[in-house]
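**Q** this is a predicted model, with the sequence first.
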Amino acid sequence: MQIEPTAIEGVWILTPRRHADARGWFEESWNRDRMREAGFDLDWAQDNHSMSIAAGTVRGLHYQAPPRAQAKLVRVLAGAILDVAVDAREGSPSFGAHVAVELSAANGRQLLIPEGFLHGFVTREPMTHVAYKCTDTWSPAHDGAVAWDDPDLAIDWGVDPAAAHLSDKDRAAPRWRDWTTPFRMGDRP
Ligand SMILES: Cc1cn([C@H]2C[C@H](O)[C@@H](COP(=O)(O)OP(=O)(O)O[C@H]3O[C@@H](C)C(=O)[C@@H](O)[C@H]3O)O2)c(=O)[nH]c1=O
């Protein structure tokens, strides 16, 4: 597993080694023991898989508030996305900044997002399958969203906002400046 830091502390790009042979390839997409040795001791509680029919589908920006906050490990099984993590940890030097990484079935990259971040993605190809692990199970009472296209966040999604495919919930999400973060820097390692 190649483990690379990003511009924001706590967010990592993981790229599993692919063992190729005449049939195709094999990868360990997560190995608990190896990742523990590398300092990542994550206790996964739920695996999610979403499929988006159209390119230009946006899901986000989402979070689960403490005490049900979730770290996530995101990867793409088919197609491609731009995956985005926004630092929502009050007191963080990078509060309000984001990391945006292209994840695809072809490049095999995974984005590790700790608690305290908003998460969202836009699909770059039709029929894109995204799989992600979460450290807590879903809790609708703690679930929330912030507007994906908020000008204060200035995320370059590479998509025309008028043409983006969105859920009703995401279309109605509050602006960053009108939202109070429930996350504090140092709440959890
Ligand atoms: C998130 C979630 C949704 N659902 C249900 C609720 C609803 O009927 C349907 C679709 O839910 P949503 O519209 O929230 O799905 P979606 O917009 O794909 O939400 C997801 O977006 C990405 C970016 C994340 O980071 C996830 O944590 C999650 O928030 O699935 C579950 O049963 N379990 C879950 O864990």
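**A** Structure received.

**Q** tell me which helix or strand the residue nearest to the spatial centre of the chain sits in.
**A** Nearest to the mean C-alpha position of the chain, counting by C-alpha atoms, centre = their mean, stands His119 at 4.5 Å. Using DSSP states H and E, His119 sits in strand 117-123.

**Q** my guess is the residue nearest to the centre of the chain contacts Leu73. True?
**A** No: the criterion here is C-beta atoms under 8 Å, and His119 misses it with Leu73 at 10.9 Å. For glycine as for every other residue, the C-beta is placed from the backbone atoms N, C-alpha and C.

**Q** shared neighbours, these two?
**A** Ile113 (C-beta atoms under 8 Å, 6 or more residues apart in numbering).

**Q** picking that back up, and the strand holding His119, how far out from the chain middle?
**A** Offset of strand 117-123 from its chain centre (C-alpha atoms, centre = their mean, to the nearest Å): 5 Å.

**Q** cool, and stretch 112-129?
**A** 4 Å.

**Q** thinking again about what came up before, residues in contact with the residue nearest to the centre of the chain?
**A** Gly60, Leu61, His62, Tyr63, Lys72, Val74, Asp83, Val84, Ala85, Val86, Ile113.

**Q** for Glu28, see how far away it is.
**A** His119 sits at a distance of 23 Å from Glu28 (criterion: C-beta to C-beta, to the nearest Å).
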